[in-house]
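**Student:** Here is my input, please return the structure:
(one chain, ligands or ions: 1)
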Amino acid sequence: MNTFLRQLPFVEALKATPARDLYHKLRHVPLEARGIARQLADRAAVQGDPGLSRLHAELAEILERQRAEWPHYAFGFRYFYQGYARVHISGIRPTELRFQHYDVAAHLRPTDRVLDLGCNSGFMAIEASYHAAHVDGVEWNPYMVEAGQAVARYLQRDNVHLQAGDLNTFEASAPYDCVMAYACYHTDDHGNREGIDAHFDKLHGLLRPGGTLLFESHYVDIHNPDFHAFMERLTPRFERLQRTFISNGPDRGGDRYYYVLRRGDDHAGA
Ligand SMILES: C[S@@+](CC[C@H](N)C(=O)[O-])C[C@H]1O[C@@H](n2cnc3c(N)ncnc32)[C@H](O)[C@@H]1O
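**Tutor:** All right, here's what the predicted structure looks like:
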């Protein structure tokens with residue numbers, strides 16, 4: 001190893017790392033490299049648009065603070081987990097594509113109050129705001145909330161409210177017509193480990209009777225018999241209107257199940 005390389009602090013850090021931990025430290029490197037490349041490409045593409053350029057500069061600054069300060073795993077691999085074509089953000093999971101696959105707009109009415117739990121950067125919530133009266137988003141990572149607020153401001157969406165908080169302790173001022181709960185009942189960042197039973201109790205309490213729950217599984221649920229058994233036991237608390245297999249492939253967040261459920265009236269069956 002040449003002298004220059006030997007002096008780099010990260011090489012010293014790696015030399016001090018036990019071999020068994022190296023895999024865990026390095027396993028995200030190729031994905032992070034792709035995240036950085038996506039960010040550079042997006043920023044280059046918006047260069048001719050002063051407004052979007054300013055937004056992307058603001059987002060880059062937020063992501064930089066998240067990288068330096070947020071002690072937990074962040075889902076976007078140095079960039080965004082959710083993509084959003086409206087503002088030229090190429091995330092791992094493109095919002096417009098998910099909206100289309102999940103036919104979200106078909107489940108929303110212009111008078112609806114909607115909640116997006118564990119909303120990440122809030123792009124799904126912002127997109128829902130074009131189809132509903134009001135959308136709230138709750139997310140424990142404050143940097144993602146800040147990024148979503150910047151995008152909502154840029155798009156002049158004043159009927160969406162994104163806030164930092166724990167979805168488990170979030171209290172609704174009134175029950176919602178629709179709750180979106182996408183991949184947040186057991187999170188890789190260890191932010192939510194309450195379990196699926198507690199999660200559905202929470203969802204039940206947040207919805208009005210007859211309200212709609214749009215629920216996305218985790219990719220690990222696909223072959224998890226406990227998950228499928230649980231989903232079969234939801235009636236009568238929730239009536240299943242639809243279950244769809246979503247094929248994303250590993251680079252787009254993995255395969256998942258998507259459910260459209262209607263909240264029942266009877267909590268006694270829980
Ligand atoms: C797999 S991501 C899914 C994000 C988003 N729902 C989506 O599907 O695009 C899980 C999200 O839950 C958030 N999260 C984890 N624990 C949380 C908690 N206790 N309260 C609120 N959000 C939480 C994470 O920060 C992350 O944004």
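**Student:** Get me the contact residues on the stretch 101-250 of the chain for the ligand.
**Tutor:** 118-120, 124, 138-141, 144, 166-168, 182-184, 187, 189, 191-192, 216 (CB under 6 Å from any ligand atom). Placement of C-beta: from N, CA and C, glycine included.
**Student:** which of those count as buried?
**Tutor:** Buried members of those, scored by 16 or more other CB atoms under 10 Å, are 118-120, 124, 138-141, 144, 167, 182-184, 187, 191-192, 216.
**Student:** Next up, identify which helix or strand the residue in the chain that the ligand sits nearest to is on.
**Tutor:** The chain approaches the ligand most closely through Gly191 (2.3 Å), counting by CB to the nearest ligand atom. Using DSSP states H and E, Gly191 maps to neither a helix nor a strand.
**Student:** Could you find the closest non-adjacent residue to it?
**Tutor:** Trp140 (4.8 Å; CB to CB, 6 or more residues apart in numbering).
**Student:** Now Arg34. Nearest residue, chain neighbours left out?
**Tutor:** Phe77 (6.8 Å).
**Student:** Check the contact between Gly191 and Ala74; I expect there is one.
**Tutor:** No: Gly191 lies out of contact with Ala74 (CB atoms under 8 Å); the separation is 10.6 Å.
**Student:** so what sits against both of these two?
**Tutor:** Asn141 (CB atoms under 8 Å, 6 or more residues apart in numbering).
**Student:** burial count for Arg153?
**Tutor:** 12 (other CB atoms under 10 Å).
**Student:** Helix or strand: which one has it?
**Tutor:** helix 142-154.
**Student:** Would you agree Asp177 falls within a helix?
**Tutor:** No: per DSSP: H, G, I helix; E, B strand; the rest coil, Asp177 lies outside any helix segment and is strand.
**Student:** List the contacts of the residue lying closest to it once chain neighbours are set aside.
**Tutor:** Leaving aside its sequence neighbours, Asp177 sits nearest to Asp112 (CB to CB, 6+ apart; 4.0 Å). Applying CB under 8 Å, 6+ apart, we find Asp112 in contact with 131-134, 176-178.
**Student:** how about those residues in CSV, adding neighbour count?
**Tutor:** Formatted as CSV, the contacts of Asp112 follow (neighbours: other CB atoms under 10 Å):
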residue, neighbour count
His131, 18
Ala132, 23
Ala133, 14
His134, 17
Tyr176, 26
Asp177, 21
Cys178, 24
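**Student:** Among these, give me the pair with the biggest separation.
**Tutor:** His131 and Tyr176 (14.3 Å; CB to CB).
**Student:** Could you pull out the helices in this structure for me?
**Tutor:** 3-7, 9-15, 19-26, 29-45, 50-69, 95-102, 123-128, 142-154, 196-206, 225-232 (DSSP state H).
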